[in-house]
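Colleague: I'll drop the sequence and a predicted model, then ask my questions.
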Amino acid sequence: MALMPKRVKHRKDQRGRIRGNATRGNTVVFGEFGLQSMQPGHVKATTIEACRIAASQYIRASGGKLYIRIFPDKPVTARPLETRMGKGKGEPDHWVAVVKPGTVLFEIAGANKEAARDCFNRVAHKLPVKVRLVERTPGT
């Protein structure tokens with residue numbers, strides 16, 4: 001089942017713009033390796049779930065642990081197909097996570113660099129943004 005918030009203050013959000021780089025959530029904290037975005041975008045809840053399944057299938061054998069660092073908390077609305085203009089804003093269709101450049105999307109603990117690279121390579125093909133592999137800096 002795709003991720004979504006239990007409750008929200010407002011049912012319909014405005015689209016907004018993604019400006020600047022990520023200042024929070026831009027370092028590897030929980031694991032040894034992370035998948036960091038290099039461009040802004042919206043990542044759907046179904047995409048996050050597909051990435052989780054692909055990564056967990058790969059790291060299950062090595063005994064590693066996957067951490068998901070993003071959560072889809074922004075509703076995206078859509079109008080039904082073949083509907084005339086007007087009559088207000090559409091109903092919430094799906095949920096997205098807003099991703100800025102520098103945001104760490106996923107992390108892996110308990111795996112070597114080659115396994116992390118192979119795992120994140122499978123995940124990167126499913127994502128709508130360009131990503132890169134980052135390592136945890138010593139001392140953090």
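Modeller: Received the coordinates, thanks.

Colleague: show me where the chain has its helices.
Modeller: Listed in chain order, the helices of the chain (DSSP state H) span 45-59, 113-124.

Colleague: nearest to Gln36, of those?
Modeller: Minimum separation from Gln36 across those (C-beta to C-beta) falls at helix 113-124, 9.9 Å. C-beta here means a position set from N, CA and C on the backbone, and glycine is covered the same way.

Colleague: what's the closest one in contact with?
Modeller: The set of residues that contact helix 113-124 without belonging to it, under C-beta atoms under 8 Å, 6 or more residues apart in numbering, is 32-33, 35, 51, 54-55, 58-59, 62, 64, 106, 108, 111, 131, 133, 135.

Colleague: which of those residues sits closest to Arg84?
Modeller: Among the contacts of helix 113-124, Cys51 lies closest to Arg84 (C-beta to C-beta), at 37.2 Å.

Colleague: derive a ChimeraX selection command for the buried subset of the contacts of helix 113-124.
Modeller: In ChimeraX, this line selects whichever of these come out buried by 16 or more other C-beta atoms under 10 Å:
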select :32,33,35,51,54,55,58,59,64,106,108,111,131,133
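
Colleague: any idea which of the contacts of helix 113-124 is closest to Gly86?
Modeller: Of all these, the one sitting nearest Gly86 is Cys51; the distance, using C-beta to C-beta, is 37.6 Å.
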